[in-house]
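Colleague: Sequence unavailable; structure follows:
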């Protein structure tokens, strides 16, 4: 059965992505680009299994989180996007959109609690960080 395997990222809107990136870089010593940054990691029980979590910065005017009016979105890694979408449909969840495949994998947006947009991410199988 398809399942969520972890947090893929946290995305939030900011009035100035470059200034926010500079703050993370200068204040927290976390080199960050205006789009955000990647935090690579390895599985504790199996250090050969790699993954990454993204901190994503989006402009205030971005409609990527839509239709949610919330200024943030949670990205969840899944092991089987098609299977997860079918499971969610069976459970009555609203699927907002399934995006075209990208170099990082496949994505879909679903409605979560309080209108929160949840992004489901199935990492590309040959991604060096795919667990």
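Modeller: Arrived safely, thanks for sending. It should be emphasised that the depicted structure is a prediction, and the values quoted were computed from it without experimental measurement.
Colleague: Quick check: residue 35 touching residue 20?
Modeller: No. If you go by Cβ atoms under 8 Å, residue 35 and residue 20 don't touch, sitting 10.7 Å apart. Backbone N, C-alpha and C define where each C-beta goes, glycine included.
Colleague: higher neighbour count, the two?
Modeller: residue 20 (19 against 12; other Cβ atoms under 10 Å).
Colleague: part of a strand, is the more buried one?
Modeller: No. Going by DSSP: H, G, I helix; E, B strand; the rest coil, the assignment for residue 20 is helix, not a strand.
Colleague: how close does the residue positioned nearest the centre of the chain get to residue 42?
Modeller: Nearest residue to the geometric centre of the chain (Cα atoms, centre = their mean): residue 75, 2.9 Å. Separation of residue 75 from residue 42 (Cβ to Cβ, to the nearest Å): 19 Å.
Colleague: shared neighbours, residue 35 and residue 20?
Modeller: Common contact partners of residue 35 and residue 20 (Cβ atoms under 8 Å, 6 or more residues apart in numbering): residue 57.
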